[in-house]
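Student: Pasting the sequence and the predicted model now:
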Amino acid sequence: MRLRQLGRIGTAGALTVAAAGVSIVFTPSVASAESGWECYGKQVRRCATVWWDRETDTYWARAKITDVAGGGNYTVKVNDVKLLRFNGTETLTVKSAQDDDGWHGTEDLAGTSSVNPCRWPKNSFQVQARFSWKEKGGTASTKTWRPAMGWGHMCD
């Protein structure tokens, strides 16, 4: 089943609809394969997105953490990445990936395997991941986070 994209909204834009306290982004037909990262953090940048692969019409969750230049000197890791779907009543895990490949000097990236979002045509999707960082010789800080944003498509 193919995804039916909304009409063109702009070369880099997306239509955002607020529902149940979460913004839902409908990706326009001219969007890149990357749906856009939602990020926060100054010295350690934590980012997550629901990635849309246009060629296969699938979604997958992606997360990354980066030690920002000019801040502290942190090692970083991201794991326990989840692709979640909201069915109007509850949020459920569709895919997850542990990605326990250890600490990295500057950046770590992790993601789930893909799903066909039209399997659940009336649902929106979110990403959640566990981010960890530590200064050399220090103790690790860990935060599980998901953007207050959902991604969705209109399916045939």
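Tutor: Cool, the structure landed.

Student: Check which helices and strands the helix or strand in which Leu83 is found is in contact with.
Tutor: Under the criterion of DSSP states H and E, Leu83 resides in strand 74-86. With contacts defined as 3 or more Cβ pairs under 8 Å, 6 or more residues apart in numbering; DSSP states H and E, the packing partners of strand 74-86 are strand 44-53, strand 58-67, strand 91-97, strand 107-111, strand 124-135. The C-beta positions use only the backbone N, C-alpha and C, and glycine is treated the same way.

Student: Need the residue closest to the centroid of the protein.
Tutor: Thr49 (2.0 Å; Cα atoms, centre = their mean).

Student: thinking again about what came up before, now do the strand holding Leu83: distance to the chain's middle.
Tutor: 8 Å (Cα atoms, centre = their mean, to the nearest Å).

Student: what do you get for stretch 64-77?
Tutor: With Cα atoms, centre = their mean, you get 19 Å for stretch 64-77.

Student: before we move on, what about stretch 53-66?
Tutor: 7 Å.

Student: Also stretch 103-123?
Tutor: 6 Å.

Student: And the pLDDT for the residue lying farthest from the centre of the chain?
Tutor: Residue farthest from the centre of the chain, counting by Cα atoms, centre = their mean, is Gly137 at 30.2 Å. Here the pLDDT value assigned to Gly137 is 82.
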